[in-house]
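A.B. asks: Predicted model follows, preceded by the sequence.
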Amino acid sequence: MKISSPRGTSDILPCHIAEWHQLETTARTLFKTYGYSEIRTPVFEDTGLFKRSLGESTEVVNKQLLEIKSQRAEGASDDAGFALRPEGTAPVVRAYNQYDLGREEFLSKLFYMGPMFRGERPQKGRLREFHQIGAEAIGRGANHPLLDAEIIALCVKLLKGFGLNDFKLKINSLGSAEDKKNFANWLRAELKGKIDHLGDESKSQYERNVFRLLDSKDPACKEVINTLEIGSRHLSEAGLKYFEEVKKGLDQLGVVYEVSSHLVRGLDYYTHTVFEIAYAGLGAQDALGAGGRYNGLIEQLGGGDRRFPEQVGAMGFALGMERILLALEAQGKLVQAKRFLDVFVVAGKPEYETETFGLVHELRQGGLAADMDFGRGRAFKKQFEQANKLGARFVIILGEEELKNATVGVKNMTTGEQTIVDRKKAVEELSRQLERL
RNA sequence: GUGGCUGUAGAUCAGUGGUAGAUCCCUUGAUUGUGGUUCAAGUUGUCGCGGGUUCAAAUCCCGUCAGCCACCCCA
């Protein structure tokens, strides 16, 4: 019985790895120019971390957390034991607090990339193990609307850096924690009695998380929502002013956005600015990335600093790598990476294998990507076929004539040109020829 | 978690009750030591898994698992 990879997981095979490297190196380079440093946190954390940060009632915590049950002692509380991380923000904040990073830095700019896990039913753009690139700016210095603008701009710039076009940025502000509470109450009051005919799902959303109704896909629900005049009525004066500053910052950076009062986020910790970037060609899972401000989370997780009365602020985002690759594919931007080899050494006869082996070693010592055919004693012709398949730019021929004269044949596989080179100068000569290409 | 569609060779798929197929890939060959193109030949299978109906099942029925798409959720 063949064993295959678990549901909702996938292998990244060698033929696709170049695409991943491209995303990773582009991201690393860009993060550097914005002053972000990489942080790596464990793939699993105490279950309680996610329950406390994301919100007990959220779907992610309720149904999608992949817990490591064997590690939980019998009779222990639900918060005991471990869970695979479903997102990156909570672990980063945990680390920020644990090492008291705010003590050294007024503003900590951190980025991460790696696997996340959610026990969802797999679908296009939705896996149980998926990969995110994310950034978080945390600290007393993070309480500034221009930082919101900068982070959103960085997120957009990353996507453009990957080669993506035609994505859409939506922004909104949820206001302070208090604004959020007031807004929820107002929404419940407004919608009371109006959604009863919509079915159980809407009713349960009404109870669980009223905000969800705002971006519902159900046409009947949309109709009800559209009768509401939301605008910015849910924001306090300070919240409104903050949002205005964010928008001004975005304008200054030339970032194109759309304000949508229906944009909400599924995780409890978001306050003030939230944003989402979507690409229409992806089907139902169209969000390439999303993020927002989460000022309350640091203190909620036991952080903050009594010596400094100002609140520690935080803002961040995450991008879904698989979704970015899907979008790039949809836009025809994924080019199959060709196999690559500097030189393939062909042995004239099986007996020359030892000699060939030695030459390959010398070539590699000289910094060249070199290879040969092992142990099969295959015909000349077959070895050339193999060289071709491996994408060899040159072939070195080690045959009877060459061995006798202490030379090697060097063939340029693009032009077909072939020269005789002194055996001792083979590495040197080949390096020179490769440099010329 | 709910619904719909689909599981046949390494890959993409045809085959609707009667001997398991195509194309690509792969292997070999087209006069002794030269690749890419072409031509010829060859190998590939618990027909996802388990049960049932039938003289006979890849094909019909039930269950199960997996994939895809949508809902939900979200990156």
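C.D. replies: In hand now; what should we look at?
A.B. asks: Quick one: name the residues of the stretch 51-200 of chain A near RNA strand B.
C.D. replies: Contact residues, the stretch 51-200 of chain A versus RNA strand B (CB under 7 Å from any atom of the strand): A:58-60, A:63-64, A:87, A:118, A:120-127, A:130, A:132. Heads up, the C-betas are built off the backbone N, CA and C, glycines and all.
A.B. asks: now do 10 Å
C.D. replies: Residues of the stretch 51-200 of chain A lying near RNA strand B by CB under 10 Å from any atom of the strand: A:54-55, A:57-64, A:86-89, A:116-134, A:155, A:199.
A.B. asks: Would you mind checking those residues for buried ones?
C.D. replies: Buried subset of these (neighbour count, 16 or more other CB atoms under 10 Å): A:54-55, A:58-61, A:64, A:86-89, A:116-120, A:125-134, A:155.
A.B. asks: Spell out which residues sit in contact with the closest residue to A:Glu67 other than its chain neighbours, please.
C.D. replies: Closest residue in space to A:Glu67, ignoring its immediate chain neighbours: A:Ala83 at 4.7 Å, by CB to CB, 6 or more residues apart in numbering. Contact analysis of A:Ala83 by CB atoms under 8 Å, 6 or more residues apart in numbering lists A:44-47, A:50, A:65-68.
A.B. asks: Which two among those residues are spaced furthest apart?
C.D. replies: For the contacts of A:Ala83, the farthest-apart pair by CB to CB is A:Asp46 and A:Leu66; their separation is 13.9 Å.
A.B. asks: which of these two has more neighbours?
C.D. replies: A:Leu66 (17 against 14; other CB atoms under 10 Å).
A.B. asks: Make sure that one is actually in contact with A:Leu84.
C.D. replies: Yes: counting by CB atoms under 8 Å, A:Leu66 sits close enough to A:Leu84 to count as a contact (4.4 Å).
A.B. asks: List the buried residues for the least confident helix or strand in chain A by mean pLDDT?
C.D. replies: Here the helix or strand of chain A ranked lowest by mean pLDDT, DSSP states H and E is helix A:200-208, holding a mean of 77. The neighbour-count check on helix A:200-208 (16+ other CB under 10 Å) flags A:202, A:205-206 as buried.
A.B. asks: ok so, going back, give me the subset of the residues of the stretch 51-200 of chain A next to RNA strand B lying in helices.
C.D. replies: Under the assignment DSSP state H, those contribute A:54, A:59-62, A:89, A:155 to helices.
A.B. asks: ok, those residues vs A:Ala318, which is closest?
C.D. replies: Closest to A:Ala318 out of these is A:Thr89 (7.4 Å), distances taken as CB to CB.
A.B. asks: In this model A:Tyr270 seems to touch that closest one, though I could be wrong.
C.D. replies: No: taking CB under 8 Å as the definition, A:Thr89 is not a contact partner of A:Tyr270, at 9.8 Å.
A.B. asks: joint contacts of these two?
C.D. replies: Going by CB under 8 Å, 6+ apart, residues that sit against A:Thr89 and also against A:Tyr270 are A:Tyr294.
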